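Novice: My questions concern the predicted model and sequence given below.
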Amino acid sequence: MALIYGMAGTLNFAMLADSLKGAATTPWLLVLFSTLVVGFGVKSAIVPLHTWLPDAHPEAPSPISALLSGIVIETGLYAMTRVLYLLFDPGVFKMPIALLSVLTMTLANVMALLQSDIKRLLAYSSIAQIGYMLVGLASGTAYGVMGTFLHIFNHSMMKGMAFLSAGSLVHEADTRDIGSMRGVGKMMPFTSLSLFIALLGLGGVPGTNGFISKYHLFAAAFGSDLAWLGVMGVLNSALSMAYYIRIMQVLLAPREDGLKVHEAPVLMVAVTFVMAAIIIILGVWPAPIINLATKASSALVEGLSMYIGAVLG
């Protein structure tokens with residue numbers, strides 16, 4: 001913020017866009033870009049600035065974990081998207097963000113494969129989802145930003161429900177270890193069904209809202225001369241299914257030690273069922289949320305001169 005004020009003499013978004021956007025790429029402008037990416041990158045848990053998130057999730061209550069993944073980290077990503085598109089031409093940040101996207105989604109998916117704590121696994125999954133959202137940001141187009149905004153909303157539903165369902169499993173089974181939850185899914189069928197729908201959505205399975213937003217994100221990459229980024233996104237999305245399926249397999253596996261676990265309370269199950277319904281409805285009828293995301297992205301990327309005129313007169 002100090003650098004911005006020193007360079008432009010203001011912190012007003014419209015004035016900054018009018019004075020900085022399209023300016024020559026000087027060393028000071030690159031320093032400004034780097035500090036913004038680092039600052040918002042910590043908030044968004046972008047690799048290598050992600051290390052706080054996997055440590056915070058296992059210690060936080062499940063409702064707080066749902067908020068951390070579903071709202072907090074995405075707020076930082078929204079802020080970074082808005083600031084970058086207001087202050088810089090896409091050519092400045094396109095390649096750096098694309099590289100951060102690949103690094104974030106790949107490292108997070110590999111780390112998720114190695115986890116035995118279900119909440120820590122879901123935390124790394126959240127980091128990987130941020131990597132997918134960066135694909136749209138890196139595209140430099142309104143269509144790509146629409147995909148990012150769409151996935152922000154869809155991920156908030158999917159990951160929020162995943163943490164709430166996992167929290168119910170942890171509460172009833174009294175363990176976060178995935179191996180120790182063997183067979184618990186059969187004893188908690190409604191909670192497990194909600195979790196499975198969330199995991200399928202996060203993996204981008206057709207029929208869920210996660211498929212819709214991932215399709216637009218990867219299509220934006222292919223349409224903006226970043227085909228390699230789209231390919232990496234598809235491969236990482238397929239890789240993520242390995243640890244989602246592992247959770248499902250363990251929960252449904254037979255158990256012979258006589259453990260008895262009861263279904264979660266009705267209110268807890270009801271909340272996850274409502275979110276599951278949203279995931280499926282927006283997977284087969286995504287038009288309403290796509291329209292909202294399109295309006296937001298068009299206003300940011302294509303309506304900049306109108307925005308500057310409205311603010312500055």
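Specialist: Thanks, I have it.
Novice: Sort out which residues of the longest helix anywhere in the chain are buried, please.
Specialist: Secondary structure of the chain read by DSSP state H shows that its longest helix is helix 142-173. Using 16 or more other CB atoms under 10 Å as the test for burial, helix 142-173 gives 142-170, 172-173. All C-beta atoms are positioned from the backbone trio N, CA, C, and that covers glycine.
Novice: what's the answer for stretch 60-79, then?
Specialist: Of all the residues in stretch 60-79, those buried under the rule 16+ other CB under 10 Å are 60, 62, 65-70, 72-74, 76-78.
Novice: which residues of the stretch 151-300 of the chain score low on pLDDT?
Specialist: Residues of the stretch 151-300 of the chain that meet the criterion pLDDT under 70 lie in 258.
Novice: Who are the packing partners of the longest helix of the chain?
Specialist: Contacting helix 142-173 under the criterion 3 or more CB pairs under 8 Å, 6 or more residues apart in numbering; DSSP states H and E are the following elements: helix 62-67, helix 73-87, helix 118-139, helix 184-187, helix 189-202, helix 209-222, helix 266-284, helix 287-301.
Novice: Which other helices and strands does the shortest one contact?
Specialist: Spelled out, that is helix 184-187. Packed on helix 184-187, when contacts are counted by 3+ CB pairs under 8 Å, 6+ apart, are helix 142-173, helix 189-202, helix 227-252.
Novice: right, and those helices - which one's nearest residue 23?
Specialist: Set against residue 23 and scored by CB to CB, those come closest in helix 142-173, at 21.4 Å.
Novice: and the angle for that closest one with helix 266-284?
Specialist: With axes from the mean of the first three to the mean of the last three CA atoms, to 10 degrees as the criterion, the two stretches helix 142-173 and helix 266-284 enclose an angle of 150 degrees.
Novice: if we can go back for a sec, mind putting the buried residues of stretch 60-79 in CSV, pLDDT and distance to residue 106 included?
Specialist: Below are those laid out as CSV (pLDDT from 0 to 100; distance: CB to CB, whole Å):
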residue, pLDDT, distance to residue 106
60, 81, 26
62, 79, 27
65, 81, 23
66, 81, 25
67, 82, 26
68, 80, 22
69, 78, 19
70, 78, 23
72, 85, 23
73, 87, 18
74, 88, 20
76, 89, 20
77, 91, 18
78, 91, 23
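Novice: can you name the two of those residues that are farthest apart?
Specialist: Greatest spatial distance in the buried residues of stretch 60-79: 62 and 78, 23.9 Å, computed using CB to CB.
Novice: looking at this, residue 23 is in a helix?
Specialist: No - assigned with DSSP: H, G, I helix; E, B strand; the rest coil, residue 23 falls outside any helix and is coil.
Novice: The nearest residue to residue 278 once chain neighbours are set aside and residue 144: what is the separation?
Specialist: Nearest-residue entry for residue 278: residue 157, 5.3 Å, with adjacent residues in sequence omitted and distances by CB to CB, 6 or more residues apart in numbering. Applying CB to CB, to the nearest Å, one obtains 21 Å for the distance of residue 157 from residue 144.
Novice: Check residue 192 too.
Specialist: With distances defined as CB to CB, the gap from residue 192 to residue 144 amounts to 35 Å.
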